[in-house]
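Novice: For reference, the sequence and a predicted model appear below.
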Amino acid sequence: ATSAPAAAVNVRHAQPITIRQTTIGEGMPKVIIPTTGATADQVLAQAKVIGANPDADLIEYRIDYLNFATDAAQVGALGKQVAGEVQAKPLILTFRTQSEGGAKAISDKAYGKLYLALIKDHFIDILDVEMFRDPAVIHQVVTAAHAAGIKVVMSSHDFQKTPATSEIVARLRKQDSMGADILKIAVMPHDSGDVVKLMDATAQIRNDYSRKPLLTMSMGGLGAISRLSGEVFGDDLTFGMIGTASAPGQVDAAQLHQVLKTVDVALNGH
Ligand SMILES: O=C1C[C@@](O)(C(=O)O)C[C@@H](O)[C@@H]1O
C-alpha cells in the first residue's frame with residue numbers, strides 16, 4: 001500500500017503593514033469592530049468595550065452614525081478621545097455615505113472638506129475613502145492622508161447585489177492604482193454562487209494582481225462564510241461586532257475569533 005502524498009500548499013500572503021501593535025497581512029485576519037453610536041457618550045462607551053476586548057484588533061469610528069456627523073470640530077474632539085480609549089488598537093475613520101449603505105448623505109465637496117479637516121487632528125491611523133466619490137476630491141484626500149502618515153483603505157459597496165467576478169477584480173485593481181494601501185469591497189449575495197464570486201475575486205487579486213492587504217466581504221448570513229475564511233483566500237481584515245452590527249452578516253467577535261483560530265490551526269498545523 002502506498003501512503004498518500006502530503007498535499008503541496010501554496011497560499012500567497014500580503015506585504016504586511018504594521019500600525020501601532022497590529023500587523024495586517026500576516027497570520028490570522030485582523031478583526032475590526034465598528035462603533036455604531038449616535039452620541040459622544042454612546043461612542044465612548046463602545047470604544048471602552050472595544051479597547052478592552054482581546055478579540056478586537058482595530059476600531060472603526062463610523063462617523064456617519066453620529067448626530068453631529070458633519071461637524072469637524074466635534075467629530076475630531078470625540079475621535080481623539082476614542083483613540084485614547086483604545087490605545088494600541090489602530091483607528092479607522094469612516095464616513096459611509098448613504099449611497100454606499102451608510103447612515104447619511106453628504107456632497108462630495110463636504111465629504112472632502114470634512115476628511116481634510118479631520119486628517120489635521122492626528123488621531124486617525126487609517127482613513128476609509130470611497131472610490132466612487134469625485135476623483136479630484138479623492139486625490140486631494142489621499143495625498144493629504146499620506147502626507148500625514150495615514151494609511152488609506154479605499155472602498156466600494158453594493159448593498160443590492162454582487163457584481164461579476166471580473167468587475168470586483170477590476171474595482172480592487174483600480175483602488176490599487178488610485179494609491180490605496182488597503183483594498184476593500186463589500187457586496188450583497190443572492191445565492192451561493194455570488195459568495196463564491198467575491199471569494200474568487202479576492203483570491204485572484206491576492207494571487208495575481210496585488211500584495212496589498214485586502215478587506216473583502218460578501219454580506220448577509222449567506223455571505224458570512226467570507227468573513228471567516230480570509231486566511232485561505234487572501235482577505236487580511238474582517239469586520240466583527242460586539243453588541244450592534246454595522247452591516248448584515250457580521251459575526252460576534254468572540255465567535256469570529258474562535259473560527260479564525262480554527263482555520264489558522266488547520267492551515268498551519270499548530
Ligand atoms: O464598509 C464596511 C464593511 C461593512 O459594511 C461590513 O459589511 O462589515 C461594515 C462597515 O462598518 C464598514 O465600513
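Specialist: Structure's in. What do you need?
Novice: Endpoint to endpoint, stretch 144-155 covers what distance?
Specialist: 17 Å (Cα to Cα, to the nearest Å).
Novice: and it, which residues are buried?
Specialist: The neighbour-count check on stretch 144-155 (16 or more other Cβ atoms under 10 Å) flags 144-145, 150-155 as buried. Just so you know, the C-beta spots here come from the backbone N, C-alpha and C atoms, and that holds for glycine as well.
Novice: so can I have CSV of those showing distance to the ligand?
Specialist: Output for these, formatted as CSV (distance: Cβ to the nearest ligand atom, whole Å):
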residue, distance to the ligand
144, 20
145, 16
150, 16
151, 15
152, 14
153, 9
154, 11
155, 6
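Novice: Show me which pair in those is furthest apart.
Specialist: 144 and 155 (17.5 Å; Cβ to Cβ).
Novice: what are the ranges of the helices in the protein?
Specialist: Here the chain has its helices, by DSSP state H, at 40-52, 72-86, 108-119, 135-147, 165-177, 192-204, 220-228, 230-233, 253-268.
Novice: who in the stretch 101-250 of the chain is up against the ligand?
Specialist: 155, 157, 186, 217, 219, 239, 246-247, 250 (Cβ under 6 Å from any ligand atom).
Novice: Derive a ChimeraX selection command for the buried subset of the residues you listed.
Specialist: Of these, the buried ones go into a single ChimeraX selection, burial set by 16+ other Cβ under 10 Å:
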select :155,157,186,217,219,239,246,247,250
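Novice: in the stretch 51-200 of the chain, which segments are predicted with low confidence?
Specialist: By pLDDT under 70, the stretch 51-200 of the chain has no low-scoring segment.
Novice: Would you mark the buried spots in stretch 65-82?
Specialist: Quick answer for stretch 65-82 (16+ other Cβ under 10 Å): 65-66, 69-70, 72, 75-76, 78-79, 82.
Novice: do that stretch and the ligand meet?
Specialist: No: Stretch 65-82 stays clear of the ligand (Cβ under 6 Å from any ligand atom), getting no nearer than 9.2 Å.
Novice: For that stretch, C-alpha coordinates in PDB please.
Specialist: Once non-C-alpha atoms are left out, stretch 65-82 reads as follows in PDB (Å, rounded to 0.1, in the frame of the first residue of the first chain):
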ATOM      1  CA  TYR A  65     -23.800  57.400  12.600                       C
ATOM      2  CA  LEU A  66     -23.100  60.500  14.700                       C
ATOM      3  CA  ASN A  67     -25.800  63.100  15.300                       C
ATOM      4  CA  PHE A  68     -23.100  65.700  14.600                       C
ATOM      5  CA  ALA A  69     -21.500  63.800  11.700                       C
ATOM      6  CA  THR A  70     -20.500  66.800   9.600                       C
ATOM      7  CA  ASP A  71     -19.300  69.000  12.400                       C
ATOM      8  CA  ALA A  72     -15.500  68.500  12.000                       C
ATOM      9  CA  ALA A  73     -14.600  70.100  15.400                       C
ATOM     10  CA  GLN A  74     -17.000  67.800  17.400                       C
ATOM     11  CA  VAL A  75     -16.100  64.700  15.300                       C
ATOM     12  CA  GLY A  76     -12.400  65.400  15.800                       C
ATOM     13  CA  ALA A  77     -12.600  66.100  19.600                       C
ATOM     14  CA  LEU A  78     -14.500  62.800  20.100                       C
ATOM     15  CA  GLY A  79     -12.100  61.000  17.700                       C
ATOM     16  CA  LYS A  80      -9.200  61.900  19.900                       C
ATOM     17  CA  GLN A  81     -11.000  60.500  23.000                       C
ATOM     18  CA  VAL A  82     -11.900  57.300  21.100                       C
END
